[in-house]
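Enquirer: model this:
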Amino acid sequence: MIKWIGTDTSRFIKWNEEAETYLELLYKLIERGLVHDYLDLEGDTFHDLLNYSKELEELNKKENYNAIREFDFDSLLKQLNDEQIKTIILANQGNAYYQGFKEV
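Expert: Here you go, the predicted model:
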């Protein structure tokens with residue numbers, strides 16, 4: 001079990017989430033709007049995923065937005081290890097500037 005806690009810059013607003021895997025945690029945080037969706041081409045998640053896929057990087061360079069929308073992000077995400085997914089989560093500081101993880 002992974003417990004995630006995030007707070008805003010004032011540390012006044014606090015969010016909590018739990019998941020069995022980092023991938024599940026990423027999906028939950030995207031669903032809650034605490035992490036950018038990977039289809040948000042200006043978002044941190046999309047830009048981090050460019051580091052893990054040459055195909056996606058090429059589509060982005062060519063500004064082939066239709067192909068990007070059709071890209072199999074789920075398959076790419078399933079290939080990433082826990083540390084890579086954790087890095088993607090931590091890169092998203094728009095809402096939860098301070099973040100922490102606890103594995104129990």
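Enquirer: In which helix or strand does Lys102 reside?
Expert: strand 98-103 (DSSP states H and E).
Enquirer: which of the residues in that strand are buried?
Expert: Across strand 98-103, burial judged by 16 or more other C-beta atoms under 10 Å covers Gln99. Heads up, the C-betas are built off the backbone N, CA and C, glycines and all.
Enquirer: Please enumerate residues in contact with it?
Expert: By C-beta atoms under 8 Å, 6 or more residues apart in numbering, the residues outside strand 98-103 that reach it are 1-9, 11, 86, 89-90, 93.
Enquirer: average pLDDT for it?
Expert: Over the span of strand 98-103, the pLDDT mean works out to 96.
Enquirer: Could you export that strand as PDB, CA atoms only?
Expert: Extracted C-alpha coordinates of strand 98-103, given in PDB (Å, rounded to 0.1, in the frame of the first residue of the first chain):
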ATOM      1  CA  TYR A  98       4.800  19.600  -1.400                       C
ATOM      2  CA  GLN A  99       4.400  15.800  -1.800                       C
ATOM      3  CA  GLY A 100       5.300  12.800   0.200                       C
ATOM      4  CA  PHE A 101       5.000   9.000  -0.100                       C
ATOM      5  CA  LYS A 102       4.800   6.300   2.500                       C
ATOM      6  CA  GLU A 103       4.900   2.600   1.600                       C
END
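Enquirer: what about the spatially closest residue to Leu26 that is not a sequence neighbour, how many neighbours?
Expert: Spatially, and ignoring its direct neighbours in sequence, Leu26 is nearest to Ile85 (5.4 Å; C-beta to C-beta, 6 or more residues apart in numbering). Neighbourhood size, Ile85 [other C-beta atoms under 10 Å]: 19.
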